[in-house]
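> Structure, please.
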Amino acid sequence: MQPEQKLPGTKKQTYPWSNYTTKLRGTRQVSSTQYTLYIVQIAVVVVLSYLSVVLLGPLSYSGISLFYFVYPFILVFTLWWGFWGALSGYLGCVIGAGLMVGLGVVPSVLYSVADFVPFVAMFAIYRGVLAPRGIDPLNRDLTDKVVRGFKTHRALAWLAFIGINAVVLNAISAELGVGIEYLLGLVPSGAYWFWWWGWFAGDAVAMIIITPILVKGLTSLVERQGLVNDGWLT
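This is a model prediction of the structure:
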């Protein structure tokens, strides 16, 4: 796949998302609106993390939810805002799915890396590896046939999305989350694989169902307002 392409009747151009990179800081100043949105999205993730655990009752245990519906929100926020999106996932898990549901400080702080490490890796993979090869780093090619004049590679986009996010990084998340709780004695030995597969399947289903809806409804709007980070921090 070439880093450039053209549609019939258009001139050869670079991809419209070429300004989205893995540089520490982007080329633009951070606006007051962005600072506000960073804070708001952290608050949203905290609330949704809490609800993802408490609303499911018997399908939740020790901060683990079998349908962690906040996961797609963290994913989309990280694609938009890099480190700040991934940080919202971590803080959401620490506060919303940890402290607010009765876990202690130490377990909450430790097992919440499961909602930080995979998102940092995802951002680096999408911006550093996939974007130069024609996959939209904002995931719009999951729903749109054309992004700003460019025909998207939808089949490849879905393959990458499921393979990277729903399988590989999601498995790492499950291993970190359930594994750390198991080492801390919060998950009985006989229930380890039940909760591991529950974490894995619940996050994957939520991701596949909800992410395209969020992308379709919000991502292009956020981009048009100039609110997407060019780099990790700005």
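> measure the one residue sitting closest to the centre of the chain to Asp115 for me?
In the chain, the C-alpha nearest the mean C-alpha coordinate belongs to Leu75, at 1.4 Å (Cα atoms, centre = their mean). Shown here: Leu75 relative to Asp115, a distance of 10 Å by Cβ to Cβ, to the nearest Å. C-beta coordinates here come from the backbone N, C-alpha and C atoms, glycine included.
> now swap in Ile180 and tell me
Look at Ile180 and Asp115: by Cβ to Cβ, they are 12 Å apart.
> Looking at the two, which is more packed in?
Neighbour comparison, Ile180 and Asp115: the larger count goes to Asp115, with 27 against 17 (by other Cβ atoms under 10 Å).
> Please report the distance of that one from Gln41.
14 Å.
> likewise Glu181?
With Cβ to Cβ as the criterion, Glu181 and Gln41 are 26 Å apart.
> Please, where are all the strands along the chain?
4-5, 13-14, 60-61, 64-65, 146-147, 150-151 (DSSP state E).
> Mean neighbour count, those strands: which tops it?
Stretch with highest mean neighbour count among these: strand 64-65 (a mean of 25; mean count of other Cβ atoms under 10 Å).
> hang on, Trp195 packs against Val187?
Yes: the pair Trp195 and Val187 passes the contact test of Cβ atoms under 8 Å, sitting 5.7 Å apart.
> Common neighbours of the two, please.
Residues touching both Trp195 and Val187 by Cβ atoms under 8 Å, 6 or more residues apart in numbering: Tyr61, Ile64, Val178, Glu181.
> Between the residues you listed, which sits nearest Thr211?
Among the shared contacts of Trp195 and Val187, Ile64 lies closest to Thr211 (Cβ to Cβ), at 20.6 Å.
> Measure how far stretch 21-34 is from the centre of its chain, please.
Computed by Cα atoms, centre = their mean, to the nearest Å, the chain-centroid distance of stretch 21-34 equals 19 Å.
> Just the mean pLDDT for it, thanks.
For stretch 21-34, the mean per-residue pLDDT is 84.
> Spatially, what comes nearest to Phe116 if we skip its sequence neighbours?
Distances taken as Cβ to Cβ, 6 or more residues apart in numbering place Tyr90 nearest to Phe116, at 3.9 Å, with adjacent residues excluded.
> Now that that neighbour has come up, it's in contact with Asp115, right?
Yes: using Cβ under 8 Å, Tyr90 is in contact with Asp115, at 5.7 Å.
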